[in-house]
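# I need the structure of the sequence given here:
(one chain, ligands or ions: 1)
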Amino acid sequence: MSSVKVVVIHGPNLNLLGEREPHIYGKKGLDSINTDLTDYATENSIILAVMQSNSEGAIIDFIQENRDAKGIIINPGAYTHTSIAIRDAIASVKIPAVEVHLSNVHAREEFRRHSMIAPVCLGQISGFGANSYLLAMTALINHLREQER
Ligand code: DQA
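Modelled structure (predicted):
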């Protein structure tokens, strides 16, 4: 696969990973997750544009500004369960997206079981801690390779 751009978006409160409820989200910080993702991307000729924001509008702006990207990996945090605006942004740019969660959202409170975002994504990876991001990248790479054929 020739060099392609993929965006990674971390939503609200994920900047506090490592110190935020580590029994649920693990002890690994966001910088470390991003380093692992960047290494994995580089091995696969992918250029990553990574962002974290606590603001819904900033996430939407980032999706729009990067609409030349070939893939999106997004952990929308709590916006997963509420944001029609982020869902519409993903649908608008028509870029294949994978939804990621560190925790298994289906094994937690009832309100986490519903995702506004999932219907506009290729799929959802949930419950594998920091590894969820790498699994999402694998899924996206496989999808892009399939598309190239
Ligand atoms: C989360 C799950 C969401 O329900 C929660 O609001 C988060 C993190 C996860 O990665 O497990 O902020 O997206």
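# which residues in this protein form strands?
Secondary structure of the chain (DSSP state E): strands located at 4-10, 46-52, 71-75, 97-101, 123-126.
# Sheet-wise, list the partners of the shortest one with their directions.
In the sheet containing strand 123-126, the strands it pairs with under DSSP bridges are strand 97-101 (parallel).
# check whether the partner strand contacts the ligand.
Yes - legend: contact between strand 97-101 and the ligand by Cβ under 6 Å from any ligand atom is shown at His101. For glycine as for every other residue, the C-beta is placed from the backbone atoms N, C-alpha and C.
# Excluding covalently adjacent residues, which one is nearest to the most centrally placed residue in the chain?
In the chain, the residue lying closest to the centroid (Cα atoms, centre = their mean) is Ile74, at 1.9 Å. With Cβ to Cβ, 6 or more residues apart in numbering as the criterion, Ile74 has its nearest non-adjacent residue at 4.4 Å, and that residue is Ile9.
# In contact with Ala118, which residues?
99, 124 (Cβ atoms under 8 Å, 6 or more residues apart in numbering).
# Next, work out how far apart it and Val100 are.
Note on Ala118: its distance to Val100, by Cβ to Cβ, to the nearest Å, is 11 Å.
# overlap in contacts of the two?
With Cβ under 8 Å, 6+ apart, Ala118 and Val100 have common neighbours Gln124.
# Tell me the confidence at the closest residue to Phe111 other than its chain neighbours?
Nearest residue to Phe111 in three dimensions, chain neighbours excluded: His81, at 5.8 Å (Cβ to Cβ, 6+ apart). Here the pLDDT value assigned to His81 is 98.
# unless I'm mixing things up, His81 is touching Ser115, no?
Yes - look at His81 against Ser115 with Cβ atoms under 8 Å: they come within range, at 6.7 Å.
# ok, the two, which is more surrounded?
Neighbours were counted for His81 and for Ser115 using other Cβ atoms under 10 Å; Ser115 has more, 21 against 16.
# got a list of what the residue lying closest to that one once chain neighbours are set aside touches?
Residue nearest to Ser115 in three dimensions, not counting chain neighbours: Thr80, with 5.0 Å by Cβ to Cβ, 6+ apart. Thr80 sits next to 11, 99, 101, 105, 112, 115-117 when contact means Cβ under 8 Å, 6+ apart.
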